[in-house]
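[1] Have a look at this prediction, sequence included:
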Amino acid sequence: MNGAGLTRLQSGGLLLLAALIWGSAFVGQSLGMAGVGPLTFTGVRFALGAFVVLPLAWRERSQLQAAGRRLQRRDAGWIVLLGLLLCTGVVMQQIGLMSTSVTNAGFLTALYVPLVPLLAWLVHRQLPHWSVWPAAAGCLAGTWLMTGASLQQLSRGDLWVLASALPWALHVLLVGHIANRLHGAYAVACGQFSICALLSLMLGGVLEPITLDGLRLAAGAIAYTGIVSVGIGFTLQVIGQRHAHPADAAIILSSETVFAATFGALFMGDRMGATGFAGAALILGCILAVQIQPLLNSRRNA
């Protein structure tokens, strides 16, 4: 399955599954840096993710060549851009996880949600359905509630995660468009993973100490986040976004924050009070609203 012919509901389901996988991966991302630095951890797990998708990408490439669709030099440039954005967002998030909780990282990452419809309007002049705007505002308010309704206690790690919102927003905005342009979800996924891995490992080799003992200590976390989070989760994102508006996709993917809090509570001892639970409920409500409202309108028009 490369995303061709997916319905709105199917693409939304794939994006929701990607968000679930990413939410669970926050625990692995936090534990994995006990043995390696954030750049090395990111590089190795994305290299592993690229190998997972490589057979599918190779098969897809053969099918595209048989159909007379070859990747051009300009297409490679788009994949490099996605890899740069992915690397920037992931590394910032990874650095932030060194000094913030899994729960905070999950929710602060969601601040890219209100940026996506704004960037889509500025860059592509795509005016999203009106329901996206209150839903994005609701996700932002839900994130605020989940941080305890106070941003005065933000740590250095929180600020790193907060800064990652811009590259994440740009990546969500572009990935579906580029996958459709190239007619290949797996090629885009494998290509961006490879660029991210290469950049991270090059920088990690210069800036971080890398030891076999450290890699062995982080092996379990690297395997899970590389195979499941990168190889499966990010590939599902590319496939799902081929048939989803960027703003809608951002809202669905923001459910990652709720899943991160759940797994953080189960495995890391993170806890939320009543305010945090109210924020989680608000985010979920917005996700449902942005999907249901356009469907109701289309049925009414039909």
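    Yes, it's here. None of the values given here were measured: they were computed from a predicted structure.
[2] can you give me the helices in the stretch 1-150 of the chain?
    In the stretch 1-150 of the chain, the segments counted as helices under DSSP state H, counting those that start in this stretch are 8-32, 38-66, 73-96, 102-109, 115-124, 132-146.
[3] To clarify, my last question referred to the stretch 201-302 of the chain.
    Remark: helices assigned in the stretch 201-302 of the chain by DSSP H, counting those that start in this stretch are 212-217, 219-224, 235-241, 246-253, 256-267, 274-301.
[4] mind checking how far Leu56 is from Leu203?
    Here Leu56 is placed at a distance of 28 Å from Leu203 (CB to CB, to the nearest Å). To be clear about C-beta, it is placed using only N, CA and C from the backbone, and glycine gets the same treatment.
[5] what's the answer for Leu6, then?
    Look at Leu6 and Leu203: by CB to CB, they are 36 Å apart.
[6] cool, and Thr211?
    Thr211 is 17 Å from Leu203, by CB to CB.
[7] The two: which has the busier surroundings?
    Between Thr211 and Leu203, counted using other CB atoms under 10 Å, the more crowded position is Leu203 (18 against 11).
[8] and the more buried one, what does it touch?
    By CB atoms under 8 Å, 6 or more residues apart in numbering, Leu203 lies in contact with Leu39.
[9] on that earlier part again, pick the most deeply packed of the helices of the stretch 1-150 of the chain.
    helix 102-109 (a mean of 27; mean count of other CB atoms under 10 Å).
[10] Can you report how many residues lie near Ser99?
    For Ser99, the neighbour count with other CB under 10 Å is 14.
[11] rewinding a little: wait, which of the helices of the stretch 1-150 of the chain is closest to Thr257?
    helix 102-109 (4.4 Å; CB to CB).
[12] Can you work out which other helices and strands pack against that closest one?
    Secondary-structure packing of helix 102-109 (3 or more CB pairs under 8 Å, 6 or more residues apart in numbering; DSSP states H and E): helix 8-32, helix 73-96, helix 132-146, helix 156-163, helix 165-182, helix 256-267.
[13] Recalculate using a threshold of 7 Å.
    Helices and strands touching helix 102-109, by 3 or more CB pairs under 7 Å, 6 or more residues apart in numbering; DSSP states H and E, are helix 8-32, helix 73-96, helix 132-146, helix 156-163, helix 256-267.
[14] By mean pLDDT, show me the worst of these.
    Lowest mean pLDDT within the helices and strands packed on helix 102-109: helix 132-146, at a mean of 82.
[15] hmm, who's touching that one?
    For helix 132-146, contacts defined as CB atoms under 7 Å, 6 or more residues apart in numbering pick out 107-108, 110-111, 113-114, 117, 247-248, 251, 254, 257, 261, 272, 275-276, 278-280, 282-283, 285-286, 289-290.
[16] one step back: which one of the helices and strands packed on helix 102-109 lies nearest to Leu173?
    helix 73-96 (9.4 Å).
[17] So what touches the closest one?
    29, 38-39, 41-42, 105, 109, 157-158, 160-161, 163-164, 167-168, 170-171, 174-175, 178, 182, 188, 191-192, 195-196, 199-200.
[18] Would you pull up how far that helix lies from the middle of the chain?
    Put simply, helix 73-96 sits 11 Å off its chain's centre (CA atoms, centre = their mean, to the nearest Å).
[19] ok, now stretch 200-220?
    Offset of stretch 200-220 from its chain centre (CA atoms, centre = their mean): 23 Å.
[20] about what we covered before: for Phe46, which of the helices of the stretch 201-302 of the chain is the nearest?
    Using CB to CB, these put helix 219-224 closest to Phe46, at 10.0 Å.
[21] So which elements touch the closest one?
    helix 8-32, helix 38-66.
[22] Need these in a markdown table (columns: distance to Thr88).
    Below are those laid out as a markdown table (distance: least, CB to CB, whole Å):
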| stretch | distance to Thr88 |
| --- | --- |
| helix 8-32 | 16 |
| helix 38-66 | 10 |
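[23] and Gln126, which of these is closest to it?
    For Gln126, the closest of the helices and strands packed on helix 219-224 is helix 8-32, at 16.1 Å, according to CB to CB.
[24] Can you tell me what sits against the closest one?
    41, 94, 97, 102, 105-106, 218, 221-222, 224-225, 228-229, 232-233, 236-237, 239-240, 243-244, 249, 252-253, 255-256, 259-260, 262-264, 267-268, 291.
[25] Would you list the buried entries among those residues?
    Buried members of these, counted by 16 or more other CB atoms under 10 Å: 41, 94, 97, 102, 105-106, 218, 221-222, 224-225, 228-229, 232-233, 236-237, 239-240, 243-244, 249, 252-253, 255-256, 259-260, 262-264, 268, 291.
[26] gap between Phe51 and Pro246?
    According to CB to CB, Phe51 and Pro246 sit 28 Å apart.
[27] Check Tyr224 too.
    28 Å.
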